[in-house]
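J.: turn this into a structure:
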Amino acid sequence: MKMDSLQKLHSSMIKEKLDIQQFRIKIGIADFDCLFSTRETPFIFSMTSRGLNSKFFKFEIKKGYWISDSLGDMYYDLAEVLKKDGSSGNKLYPKEFMKDVNELIPHTAKKSAKPSSEDIIKIRQDLEESEKPYFDTWIYWKKDGKQSPTSENKHKTLVAYGQKALEYSVSMNASTKWSKTPTGRSWVTDKK
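T.: Residues are numbered from 1 along each chain as shown. Next comes the predicted model:
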């Protein structure tokens with residue numbers, strides 16, 4: 001399905017010089033924290049349900065802003081969040097769900113909707129050590145190539161902080177170290 005709303009949001013993000021947006025949508029009884037990130041290739045649209053038993057849903061955005069309307073392994077978790085039950089006649093139809101999502105996505109980017117790195121990590125439960133959302137320090141490896149940041153660590157750095165942080169990580173052969181508790185530190189101020 002073509003996600004026209006993401007295309008409009010992305011155009012607005014470009015004008016505002018933003019590469020990520022956070023917003024909330026409500027579908028039926030379910031509330032979701034959503035992120036649209038152009039920091040990754042392909043772009044990523046993610047939804048995390050709010051509540052005690054939150055569930056994470058991640059969608060890759062293909063060229064032309066196309067998204068699969070097949071929910072695959074996410075189907076049952078999403079049906080549970082939405083309280084859809086095929087036996088009661090209240091069934092989850094993926095194409096209808098994606099159409100509803102497309103209608104709820106904002107078209108205008110806002111600087112105030114750029115989430116903090118901590119919020120990004122809390123919402124993006126697919127990232128390495130998502131239970132550790134706070135930057136602690138850089139771990140600098142020797143440049144002999146024996147040790148270096150893992151691909152998962154570099155991906156978390158990119159998603160949380162953007163391209164400049166990833167470039168720093170690669171150029172300095174440094175991994176980001178994360179904490180469960182606030183440290184008050186920033187990747188920029190803790191550089192060598």
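J.: wait, a helix at residue 138?
T.: No: secondary structure of residue 138 (DSSP: H, G, I helix; E, B strand; the rest coil): strand, not part of a helix.
J.: now for the strand or helix carrying residue 156, which elements pack on it?
T.: Element membership for residue 156, per DSSP states H and E: helix 151-161. Applying 3 or more Cβ pairs under 8 Å, 6 or more residues apart in numbering; DSSP states H and E, we find helix 151-161 packed against helix 117-123, helix 163-172, strand 174-179. Yep, even glycine has a C-beta here, placed from its N, CA and C like the rest.
J.: now distance to residue 106 and mean pLDDT too, for these, in a markdown table please.
T.: Below are these laid out as a markdown table (distance: least, Cβ to Cβ, whole Å; pLDDT from 0 to 100):
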| stretch | distance to residue 106 | mean pLDDT |
| --- | --- | --- |
| helix 117-123 | 16 | 94 |
| helix 163-172 | 24 | 95 |
| strand 174-179 | 30 | 96 |
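J.: can you redo these as TSV with mean neighbour count and distance to residue 10?
T.: Supplementary listing: the helices and strands packed on helix 151-161 in TSV, determined by neighbours: other Cβ atoms under 10 Å; distance: least, Cβ to Cβ, whole Å:
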stretch	mean neighbour count	distance to residue 10
helix 117-123	20	17
helix 163-172	15	16
strand 174-179	20	27
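J.: how about these in CSV, adding distance to residue 135?
T.: Shown next, in CSV, are the helices and strands packed on helix 151-161 (distance: least, Cβ to Cβ, whole Å):
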stretch, distance to residue 135
helix 117-123, 7
helix 163-172, 9
strand 174-179, 6
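J.: closest to residue 36 out of those?
T.: helix 117-123 (11.2 Å; Cβ to Cβ).
J.: please enumerate residues in contact with the closest one?
T.: 20, 22, 33, 35, 37, 46, 48, 56, 115, 127, 130, 132-135, 156, 159-161, 178, 182 (Cβ atoms under 8 Å, 6 or more residues apart in numbering).
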